[in-house]
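>>> Please work out how this folds:
(one chain, ligands or ions: 2)
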Amino acid sequence: MKKIVINGGKRISGTIPISGAKNSVVALIPATILANDIVTLEGVPDISDVASLVEIMEIMGAKIERNLEEGRLVIDTRSVVSRPLPYGKINSLRASYYFNGALLGRFGQATVGLPGGCDLGPRPTDLHDKAFKALGAKKIQEEAEHLEVIGDSLVGTTIYMDVVSVGATINTMLAASRAKGVTVIENAAREPEIIDVATLLNNMGAKVRGAGTDIIRITGIDEMHGAQHTVIPDRIEAGTYLALAAAMGDGVIIENVIYEHLESFIAKLEEMGVRLTIREDSIEVHKSENLKSVNITSVPYPGFATDLQQPITPLLLKAKGRGSIVDTIYQKRVNHVPELARMGANISVLDDRIIYDAPNELTGSCVQATDLRAGAALVTAGIIASGTTKISNIEFILRGYDHIIEKLTAVGVDIQLIEE
Ligand SMILES: CC(=O)N[C@H]1[C@@H](OP(=O)(O)OP(=O)(O)OC[C@H]2O[C@@H](n3ccc(=O)[nH]c3=O)[C@H](O)[C@@H]2O)O[C@H](CO)[C@@H](O)[C@@H]1O
Ligand SMILES: C=C(OP(=O)(O)O)C(=O)O
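Ligands and ions are numbered 1, 2, ... in the order given. The predicted model follows:
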């Protein structure tokens with residue numbers, strides 16, 4: 001079993017480069033199916049979610065040249081067939097639900113295993129099904145282990161999303177790109193990853209307008225074609241390292257960042273008293289002391305991201321005062337709390353609200369990464385803590401953090417991946 005071991009308490013300095021966005025690339029890869037041609041993706045992160053998607057695409061018949069050292073995938077989807085994929089890797093990640101939209105768009109049918117991914121409490125997909133049905137899918141049958149969707153003549157329509165959903169917005173864009181006529185998504189999610197997917201679809205010939213606003217208009221087309229696309233930088237990876245740098249940095253530059261994607265996060269850091277210099281595509285975090293506690297509420301973009309509430313928690317534990325964290329997207333996303341408490345944090349969960357009383361001295365301990373961002377929080381906590389922290393279940397961390405050991409070693413963290 002792989003584990004991460006950190007000897008903490010050491011200050012860090014230097015530069016951390018940010019990779020392509022996980023939550024974009026996991027939709028971009030299935031989206032290439034719509035092209036029925038060759039699509040080159042640049043800036044692809046070397047993470048296990050990408051490896052799983054490549055494996056699934058190859059089972060479907062895609063020919064993929066991968067050079068993840070250079071961040072490139074060349075995906076030829078001309079020989080892809082819509083074969084039932086009920087089990088296996090499909091169930092290991094959330095993003096496998098994007099195969100439903102992509103296969104439905106290209107072949108008019110999909111049989112795909114139910115998505116897995118991190119356990120953040122209930123993660124329903126009713127809005128995806130509702131959208132497919134509105135587009136004319138004749139049969140939407142959810143079995144114990146897979147979803148079957150058949151809709152060989154999709155027709156555009158207006159779809160109102162009851163809840164702002166990244167997954168349902170993207171899945172609808174995928175299917176609607178090849179539907180007849182115009183689809184309008186109302187109350188669409190506005191995350192940067194949605195714009196990134198729309199950009200690829202448009203480069204492949206689609207007509208998607210309004211991505212990044214809450215109304216997206218898609219005019220369906222019959223054929224799409226190959227394209228070249230560079231994945232946007234990962235705002236969640238950037239936020240994770242910004243918080244780490246604020247906690248332990250003696251001057252750290254986070255490189256390859258789109259500042260606008262992180263505005264609400266940066267506003268919180270500044271409210272805490274973190275000193276930053278923002279440049280065109282990098283952010284320098286200066287040595288920051290006397291931090292103040294803040295309250296965090298995660299909401300859809302452009303608000304504070306649910307994916308960043310766990311990674312910022314160890315930094316909050318260094319601030320002075322009492323504060324709370326409320327995750328309105330995933331109320332049960334609190335699994336990092338008992339592990340941080342085990343390391344000495346004065347933190348608890350009360351009615352889905354995380355309450356902390358800081359500053360706390362953290363001490364190295366044996367902890368478990370119960371999900372991806374909880375794992376990221378524990379890595380940061382281990383770097384802050386005195387003594388040795390051993391993190392198990394690190395497969396979750398490797399789902400989303402490209403070369404995490406190498407990047408952190410380069411700025412002076414004593415961190416190792418061990419087999420035990
Ligand atoms: C709006 C939001 O912040 N979305 C985050 C969410 O995306 P992810 O795509 O996982 O989740 P959605 O954006 O789809 O879900 C947002 C909310 O809508 C609800 N919902 C969703 C789909 C559905 O069919 N029915 C339904 O009720 C969910 O329970 C959740 O409360 O987690 C991802 C991974 O952590 C993040 O990168 C996204 O930024
Ligand atoms: C929970 C996450 O991913 P997924 O939705 O793929 O499980 C995440 O990116 O924080």
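
>>> Lowest-scoring secondary structure element of this structure by mean pLDDT?
strand 139-142 (a mean of 81; mean pLDDT, DSSP states H and E).

>>> ok, and for that one, which residues are buried?
I140 (16 or more other C-beta atoms under 10 Å). From N, CA and C alone the C-beta is placed, and that goes for glycine too.

>>> Kindly report the same for stretch 228-248.
Result for stretch 228-248 [16+ other C-beta under 10 Å]: buried residues 229-248.

>>> Pull the contacting residues for E223.
Neighbour list for E223: N36, G205 [criterion: C-beta atoms under 8 Å, 6 or more residues apart in numbering].

>>> Which element, helix or strand, includes it?
Assessed by DSSP states H and E, E223 sits outside every helix and strand.

>>> Tell me how far it lies from A206.
Distance check for E223 against A206: by C-beta to C-beta, to the nearest Å, it reads 10 Å.

>>> likewise K133?
To A206, K133 is 22 Å away according to C-beta to C-beta.

>>> now do I59
Taken as C-beta to C-beta, the span from I59 to A206 is 25 Å.

>>> one step back: more neighbours: K133 and A206, which one.
A206 (26 against 16; other C-beta atoms under 10 Å).

>>> thinking in terms of the whole chain, how far from its middle is stretch 260-280?
Relative to its chain's centre, stretch 260-280 lies at 20 Å (C-alpha atoms, centre = their mean, to the nearest Å).

>>> what residues does that stretch touch?
So stretch 260-280 is contacted by 192, 232-233, 235, 238-239, 242-243, 246, 259, 283-288, 290-294, 296, 302-305, 308, 312, 315-316, 319 (C-beta under 8 Å, 6+ apart).

>>> likewise stretch 89-96?
26-27, 30, 49, 52-53, 55-56, 99, 112-118, 123, 145, 167, 399.

>>> what subset of those is also close to ligand 2?
Filtering the contacts of stretch 89-96 for proximity to ligand 2 (criterion: C-beta under 6 Å from any ligand atom) leaves G117, C118.

>>> Can you tell me which of the contacts of stretch 89-96 are classed as buried?
26-27, 30, 49, 52-53, 56, 99, 112-118, 167, 399.

>>> So which of those are in helices?
Among the buried ones among the contacts of stretch 89-96, the ones falling in helices (DSSP state H) are V26, A27, P30, D49, S52, L53, I56, F99, G167.

>>> for those residues, which one is nearest I355?
G167 (29.9 Å; C-beta to C-beta).

>>> so that closest one touches T125, yeah?
Yes: with contacts counted by C-beta atoms under 8 Å, G167 reaches T125, the gap being 7.2 Å.

>>> which neighbours do those two share?
Contacts common to G167 and T125, judged by C-beta under 8 Å, 6+ apart, are Y97.

>>> near ligand 1, which residues of this structure show up?
23, 94, 123-128, 163-168, 189, 191, 300, 305-307, 329-330.

>>> In ChimeraX, how would I select the buried members of these?
Remark: buried members of these, expressed as a ChimeraX selection using 16+ other C-beta under 10 Å:
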select :23,94,125,127,128,164,165,166,167,168,189,191,300,305,306,307,329,330
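
>>> Closest approach to ligand 2 from the protein, which residue is it?
Per C-beta to the nearest ligand atom, G117 is where the chain lies closest to ligand 2, at 3.0 Å.

>>> Could you check how far the closest residue to that residue other than its chain neighbours is from V112?
Among residues not flanking G117 along the chain, R94 sits closest, at 2.8 Å (C-beta to C-beta, 6 or more residues apart in numbering). Applying C-beta to C-beta, the value for R94 to V112 is 12 Å.

>>> now T213
In terms of C-beta to C-beta, T213 sits 29 Å off from V112.

>>> residue contacts, V39?
Counted by C-beta under 8 Å, 6+ apart, V39 has contacts T32, V74, I75, T77, L200, M204, G226, A227, Q228, H229.

>>> repeat for D250
Applying C-beta under 8 Å, 6+ apart, we find D250 in contact with R11, I12, S13, K287.

>>> Out of these, list just those in strands.
I12, S13 (DSSP state E).

>>> For ChimeraX, write the selection for the buried entries among the contacts of D250.
To isolate the buried members of these in ChimeraX, using 16+ other C-beta under 10 Å:
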select :12
